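*Asks:* what's the 3D shape of this:
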Amino acid sequence: MNYLIQNARAIASGTQHAADIRIGGGVITEIGHSLAIRPDETLVDASNCVIYPGFVNTHHHLAQSALKGVKAGLNQGLGEWLASVPYTYWPHFTPELMYDAALIGLSEQLRSGVTTCADHHYLYHQASTAELEDALWQAASDLGIRLVLCRGGATVQGSHKGLLNNNIVPETLDLALHRIDASRRRYHQSGARPMRQLVVAPTSIVHSCTPEDLKAFAAYAREHGLKLHSHLLEVEFDNIQAQQKYAMGAVEFAQSCDWLGKDVWFAHLVCTSAEDIRLLGESGTGIAHCPTSNCRLGSGIAPVLAMQNAGMPVTIGVDGSASAESGSMIQELNLSWLLHRALHGADATQVDTCLRWGSVNGARLLGLNDIGEIAVGQAADLVLYDLSHYRYHGMHSALEAPLLAGEPVHIKASFVDGRQVVEDGEVMGLDKPALMARMQTGMRELVERALG
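*Replies:* Model (predicted):
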């Protein structure tokens, strides 16, 4: 469909005094003021709305939408939490539960302004089946959101307690590459404005694979033009293990395995030294900054301002709802804005910087050059934040209001590739009563399978 969005209070674009946006063929075709509606267009009244580019979430775990608030992990740090929560439950997921968890996680993101989700999906082991992954692609297709599936997994059991305690047998390198190639051939899209992309993403650089396997994954990804992603230095344990196993730090180890570069980004990077940041910056390696999860698990705060100054692309990840229960991109941006001011002073982070982290920086990091900005020719990935609620009535800065005020937000309309996916705060096509009924059954059965 073609749309004309009119009468916005403010638009996060470079066009001065713009209030209207025309959408046609999935892209933005015109930005201006008092644009006249055409016969083939649907009118969207954006009165009292601020329009942002759709946010790009560069690190998530959709499966964790079924693992919120697990009591055993509420007050644990990363290592113990991994054993108590993800690794206790994920081997027992069914495709049906995975689909419903993905619907929840993707809907949470849509309702907070995300239009592209990079999901780090690591529910792979020797006996896993393709149906779990298929469920993610299907959920994203059903809701109309862009999905970048970061294909995780491990080829060694490693040192994480959860893997060891739950007897999870990892894939072999050959099996993992065979399955990745099958996914690439079936789902990965290239060209302009892709809705589905695949990324090579072993779960953890230090713990999940041998150096030889990491090099093989990197070579496969680069041969086929795929990006690379993983967790790194969420806690100091990565450095400890890298030193014990390989007599070098975790970032040096990544470099030795061909896992630094402009086609690589890591989640977290909390425990990085000045030398780490230099290596990461010189190579153009990016970060998915996940402040809520890092706070929730007591991991610390990633030094993203130093990283930005060193030349690293800074982007924002919501992370999984088992350690970031709100599942909200607006919360991540609001917290990013605040945390670094608390550390470095009131002028350390500006609203427009955080908006770039959450939109165009994320898009460019993922290689999506046609999204992330409100400009003519860009994909029509747009979010209309409704400022009619009384909590905004005293706000002097309309354009910055959604990020400054944080949650709760109300989205009047959201578009992905020119298709409307949110209307008056509700995710279109989501049957909430049916989803709730299925989740009640699915959660009960998950607990029975995992805990006996």
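
*Asks:* use CA for all of it now, contacts and neighbours both
*Replies:* Fine.

*Asks:* In terms of pLDDT, where does the closest residue to His188 other than its chain neighbours sit?
*Replies:* The shortest distance from His188 to any residue other than its chain neighbours is 4.6 Å, reached at Gln197 (CA to CA, 6 or more residues apart in numbering). Looking at Gln197, its pLDDT reads 98.

*Asks:* now do the one 3 residues further on
*Replies:* Note on Val200: pLDDT of 98.

*Asks:* Look up which residues are beta-bridged to it.
*Replies:* Arg151, Leu228 (DSSP bridges).

*Asks:* thought it was touching Ala154?
*Replies:* No. Counting by CA atoms under 8 Å, Val200 does not reach Ala154; the two are 11.5 Å apart.

*Asks:* Between the two, tell me which one has more neighbours.
*Replies:* Using other CA atoms under 10 Å as the criterion, Val200 and Ala154 rank with Ala154 on top: 28 against 25.

*Asks:* helix, strand or coil for the more buried one?
*Replies:* Three-state assignment for Ala154 (DSSP: H, G, I helix; E, B strand; the rest coil): coil.

*Asks:* how far out from the middle of the chain is the lengthiest strand in the chain?
*Replies:* Counting residues, the longest strand found in the chain (DSSP state E) is strand 114-121. Distance, stretch centre to chain centre, for strand 114-121: 4 Å (CA atoms, centre = their mean, to the nearest Å).

*Asks:* For the protein, which element, helix or strand, carries the lowest mean pLDDT?
*Replies:* Within the chain, no helix or strand scores below helix 161-165, which has a mean of 62 by mean pLDDT, DSSP states H and E.

*Asks:* List the contacts of Arg111.
*Replies:* Contact analysis of Arg111 by CA atoms under 8 Å, 6 or more residues apart in numbering lists 410-411, 422, 425-427.

*Asks:* now swap in Leu338 and tell me
*Replies:* By CA under 8 Å, 6+ apart, the contact list for Leu338 reads Thr349.

*Asks:* which SS state does it fall under?
*Replies:* Judged by three-state DSSP, the three-state class of Leu338 is helix.

*Asks:* that older thread, next helix or strand past the longest strand of the chain?
*Replies:* Using DSSP states H and E, the helix or strand that follows strand 114-121 in sequence is helix 130-143.

*Asks:* Same question for stretch 409-429: list its buried residues.
*Replies:* Buried residues in stretch 409-429, counted by 16 or more other CA atoms under 10 Å: 409-423, 425-428.

*Asks:* try stretch 427-438
*Replies:* Neighbour count says stretch 427-438 has 427-428, 430 buried, by 16+ other CA under 10 Å.

*Asks:* Quickly name whichever of those is closest to Met443.
*Replies:* Distance to Met443 across those (CA to CA) is lowest for Leu430, with 19.0 Å.

*Asks:* Let me see the ranges of the helices in the stretch 201-350 of the chain.
*Replies:* 211-223, 237-246, 250-256, 274-283, 291-296, 304-309, 329-344 (DSSP state H, counting those that start in this stretch).

*Asks:* So for Ala267, which of those sits nearest?
*Replies:* Of the helices of the stretch 201-350 of the chain, nearest to Ala267 by CA to CA is helix 291-296, at 10.4 Å.

*Asks:* Show me what that closest one is packed against.
*Replies:* Secondary-structure packing of helix 291-296 (3 or more CA pairs under 8 Å, 6 or more residues apart in numbering; DSSP states H and E): helix 329-344.

*Asks:* Check what pLDDT the closest residue to Asp386 other than its chain neighbours gets.
*Replies:* Spatial nearest neighbour of Asp386, excluding adjacent residues (CA to CA, 6+ apart): Cys49 at 4.5 Å. Note for Cys49: predicted pLDDT of 98.

*Asks:* Please name the residues that touch Cys49.
*Replies:* 8-10, 384-388, 412.

*Asks:* any chance of the buried residues of stretch 427-438 in JSON lines, plus distance to Leu143, pLDDT and secondary structure?
*Replies:* Output for the buried residues of stretch 427-438, formatted as JSON lines (distance: CA to CA, whole Å; pLDDT from 0 to 100; DSSP: H, G, I helix; E, B strand; the rest coil):
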{"residue": "Val427", "distance to Leu143": "8", "pLDDT": "98", "secondary structure": "strand"}
{"residue": "Met428", "distance to Leu143": "7", "pLDDT": "97", "secondary structure": "coil"}
{"residue": "Leu430", "distance to Leu143": "7", "pLDDT": "97", "secondary structure": "coil"}
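
*Asks:* Among these, pick out the one closest to Ala242, please.
*Replies:* Val427 (43.7 Å).

*Asks:* And that closest one, how far from Leu399?
*Replies:* Using CA to CA, to the nearest Å, Val427 is found at 23 Å from Leu399.

*Asks:* residue contacts, Ile205?
*Replies:* Contacts of Ile205 (CA under 8 Å, 6+ apart): 214, 230-232, 254.

*Asks:* which of the residues you listed lies closest to Ile23?
*Replies:* Among the contacts of Ile205, Ser230 lies closest to Ile23 (CA to CA), at 35.6 Å.

*Asks:* quick one: Ala154 and Val206 touch, right?
*Replies:* No. Assessed by CA under 8 Å, Ala154 is found out of contact with Val206, at 10.6 Å.

*Asks:* so what sits against both of the two?
*Replies:* Among the neighbours of Ala154, none is also in contact with Val206 (CA under 8 Å, 6+ apart).
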